[in-house]
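Novice: Sequence first, then the predicted structure:
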Amino acid sequence: MKYFTNEMWRGINHCFGHEKANEYSAMWEKNSRKYYKLLESISDRIDEKTYKYFSQSGFHDFRLKKLELIHNEYGENPVLQVKIFVTDWHNTLEIFFENVKKFEVKSVENDDWNRDDWGYDEILPVDDETLSFEVLFASGASFFITFPNKSLKIIGEIIEEKKDSLVYYEIGDDHFNKGHIREAIGSFKKSLELEKHFKTYEKLYYCHCELGETEEANRCIEQAYILKNNSDRTAYLYANSLISKGDILRAKEVLRKLLSRNTSYKKAKIVLDSIEQQT
């Protein structure tokens, strides 16, 4: 992998809360911009539907179901086809490669994550006539394939109506509990695409706090409060966010409203008393 390396991915997830994690995150964002700019430059060498899917959606958090290698009869010009079947728990898609020139599998011994959890993929130019495809799995294992232009296709459609926002929320929650913060963010965002819910924004707030991304964390907890301003915990978190931004008057307003309906919320009372003594 050239842009989405295993080192960066693990660095982000295993160093969250530390300065090093911010360095990895900044590098990841920089590489992401570079990669998608390059992908756009070779879009005419990829099937239109396939390019659109890889550039807009991708297969992050999908599960590998099956891999097929199809080799023709012996001859002067043997043809190898590769079929990769992946699922998002509701639908199965086939990623099809024709006239494959090279196929390599890199395995790992220290399989501390699920080997078949799809992480990130890259489509890169090899020469004017050939492209490469590489996918990095959560374990660090990978597939590497080279093939001619226009020989990669996605077969099948994901039916959005069959997706459940709760499924992605639960996947995100599982990632978060395991410390896989970037993966959790991806799943929570997919959940929000299907249904806006204050708890999902609240979870994103925690994720971005773990990564030290204060501005994005503040934006998420504000959205959570807009959707559910009578949630005590959301209100408390939002008030603390406002304090961090220096909006003390608004924080007092939110805390007083919270305590007017729940006088026993001690943490809110402590924060309110503290900022009132300082102003």
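Specialist: Nice, I can see it.
Novice: Look at the closest residue to Thr263 other than its chain neighbours and report its pLDDT.
Specialist: Here the nearest residue to Thr263 in space, its sequence neighbours aside, is Lys269; by C-beta to C-beta, 6 or more residues apart in numbering that works out to 8.0 Å. C-beta here means a position set from N, CA and C on the backbone, and glycine is covered the same way. The per-residue pLDDT reported for Lys269 equals 92.
Novice: quick one: buried residues of the host helix or strand of Lys269?
Specialist: Element membership of Lys269 [criterion: DSSP states H and E] is helix 266-278. Along helix 266-278, these residues count as buried under the neighbour rule (16 or more other C-beta atoms under 10 Å): Ala268, Val271, Leu272, Ile275.
Novice: now for that helix, which elements pack on it?
Specialist: Using 3 or more C-beta pairs under 8 Å, 6 or more residues apart in numbering; DSSP states H and E as the contact criterion, the secondary-structure elements in contact with helix 266-278 are helix 232-244, helix 248-261.
Novice: Test my guess that Leu124 contacts Lys34.
Specialist: No - using C-beta atoms under 8 Å as the test, Leu124 is too far from Lys34 to be in contact (11.4 Å).
Novice: Tell me which of those two has more neighbours.
Specialist: Residue environment comparison for Leu124 versus Lys34 gives the larger neighbour count to Leu124, 17 against 12, counting by other C-beta atoms under 10 Å.
Novice: Where does that one sit: helix, strand or coil?
Specialist: strand (DSSP: H, G, I helix; E, B strand; the rest coil).
Novice: Quick one: residues contacting Leu272.
Specialist: Going by C-beta atoms under 8 Å, 6 or more residues apart in numbering, Leu272 touches Lys252, Leu255, Arg256, Leu259.
Novice: which among those end up buried?
Specialist: In terms of neighbour count (16+ other C-beta under 10 Å), the buried residues within those are Lys252, Leu255, Leu259.
Novice: Save these as a markdown table, and put in pLDDT too.
Specialist: As requested, those are exported to a markdown table (pLDDT from 0 to 100):
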| residue | pLDDT |
| --- | --- |
| Lys252 | 95 |
| Leu255 | 95 |
| Leu259 | 92 |
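Novice: What is the neighbour count of Ser187?
Specialist: Burial of Ser187, expressed as a neighbour count using other C-beta under 10 Å, amounts to 24.
Novice: Need the buried residues of helix 266-278 in TSV (columns: distance to Glu216).
Specialist: Putting these into TSV (distance: C-beta to C-beta, whole Å) gives the following:
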residue	distance to Glu216
Ala268	24
Val271	22
Leu272	26
Ile275	24
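Novice: of all those residues, which two lie farthest apart?
Specialist: Among the buried residues of helix 266-278, the pair separated by the greatest distance (C-beta to C-beta) is Ala268 and Ile275, at 11.1 Å.
Novice: The residue nearest to Thr263 against Leu259, yeah?
Specialist: Yes - with contact defined as C-beta under 8 Å, Lys269 and Leu259 form a contacting pair (6.1 Å).
Novice: hang on, the earlier thing: would you turn the helices and strands packed on helix 266-278 into CSV with distance to Phe176?
Specialist: Formatted as CSV, the entries for the helices and strands packed on helix 266-278 read as follows, by distance: least, C-beta to C-beta, whole Å:
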stretch, distance to Phe176
helix 232-244, 16
helix 248-261, 25
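Novice: Need the winner for burial among those helices.
Specialist: Looking across those with neighbours counted as mean count of other C-beta atoms under 10 Å, the highest average goes to helix 232-244: a mean of 21.
Novice: could you check the angle helix 266-278 makes with that one?
Specialist: Here helix 232-244 points in a direction 20 degrees away from that of helix 266-278 (axes from the mean of the first three to the mean of the last three C-alpha atoms, to 10 degrees).
Novice: For burial, what's the neighbour tally of Lys245?
Specialist: Lys245 is surrounded by 14 other residues when neighbours are defined as other C-beta under 10 Å.
Novice: Excluding chain neighbours, what is closest to it?
Specialist: Closest residue to Lys245 apart from its sequence neighbours, by C-beta to C-beta, 6+ apart: Asn218 at 6.4 Å.
Novice: who are the neighbours in contact with the one you found?
Specialist: With contacts defined as C-beta under 8 Å, 6+ apart, the neighbours of Asn218 are Ser241, Ser244, Lys245.
Novice: Please tell me how far it sits from Ile275.
Specialist: The gap separating Asn218 from Ile275 is 17 Å, by C-beta to C-beta, to the nearest Å.
Novice: Next: Asp173.
Specialist: Per C-beta to C-beta, Asp173 is found 32 Å from Ile275.
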